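>>> Need the 3D shape of this:
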Amino acid sequence: MTTECAGRHRTASESSRPIAQVVGRWLGPAILVAIGLAGLVGSLLLGILSDGRPGPGLWPLIVSSAIIVCGVSMGPQDDVESVTAREFRVMSSAVLLLAAFVVMFNLIGIFFPTLIVLFVWFKFISRRGWIQSLVIAAATGGALYLIFTYVFGVGN
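Numbers count the residues shown, from 1 in each chain. Have a look, this model is predicted:
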């Protein structure tokens with residue numbers, strides 16, 4: 001059984017899809033557009049031009065515009081998969097860890113936020129061993145500290 005809707009034939013099974021699946025088709029592109037719009041507003045607040053020269057918001061404006069274009073050009077996704085509760089917890093944890101990293105980075109620098117976030121990520125999200133998580137987190141945090149301090153001269 002098919003019905004005519006906006007010039008497209010739909011089967012009965014398509015028209016009875018759950019609302020979550022329909023929303024899921026648009027969720028990815030909508031999130032990209034929302035992130036792009038937030039970046040666009042932030043870049044405008046930073047200022048695009050300063051004394052006739054490129055300002056601090058110029059590159060964020062360009063990147064945000066590209067993100068918006070990508071989100072709009074994606075359109076609805078036909079290959080949406082259902083997400084399990086564990087996958088949702090992992091994604092939520094990852095987003096919260098990245099937000100925590102940004103806050104901690106602004107407060108205490110790069111080493112300890114990198115150490116904490118990577119350890120939590122590897123141990124609890126990726127389910128790695130304690131030693132492997134500690135070694136990777138400490139090595140990465142130390143390497144970033146050395147690069148930013150001695151190569152880029154940040155904080156000197």
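>>> Show me what the lengthiest helix in the chain is packed up against.
For the chain, the longest helix by residue count, based on DSSP state H, is helix 19-46. With contacts defined as 3 or more C-beta pairs under 8 Å, 6 or more residues apart in numbering; DSSP states H and E, helix 19-46 has these neighbours: helix 58-74. C-beta: built from backbone N, CA, C; applies to glycine.
>>> Tell me the helix or strand right after the helix it packs on.
Later in the chain than helix 58-74, the nearest helix or strand by DSSP states H and E is helix 85-108.
>>> what is the mean pLDDT for the longest helix of the chain?
The average pLDDT for helix 19-46 rounds to 87.
>>> what about residue 64, how many neighbours?
Residue 64: 21 surrounding residues under other C-beta atoms under 10 Å.
>>> how much space between it and residue 80?
25 Å (C-beta to C-beta, to the nearest Å).
>>> Kindly report the same for residue 135.
On the measure of C-beta to C-beta, residue 135 and residue 80 end up 38 Å apart.
>>> and if you look at residue 51?
Counting by C-beta to C-beta, the gap from residue 51 to residue 80 is 48 Å.
>>> pLDDT score assigned to residue 7?
51.
>>> domains in the protein, as residue ranges please.
The chain breaks down into these domains under automatic domain parsing: 1-81, 83-156.
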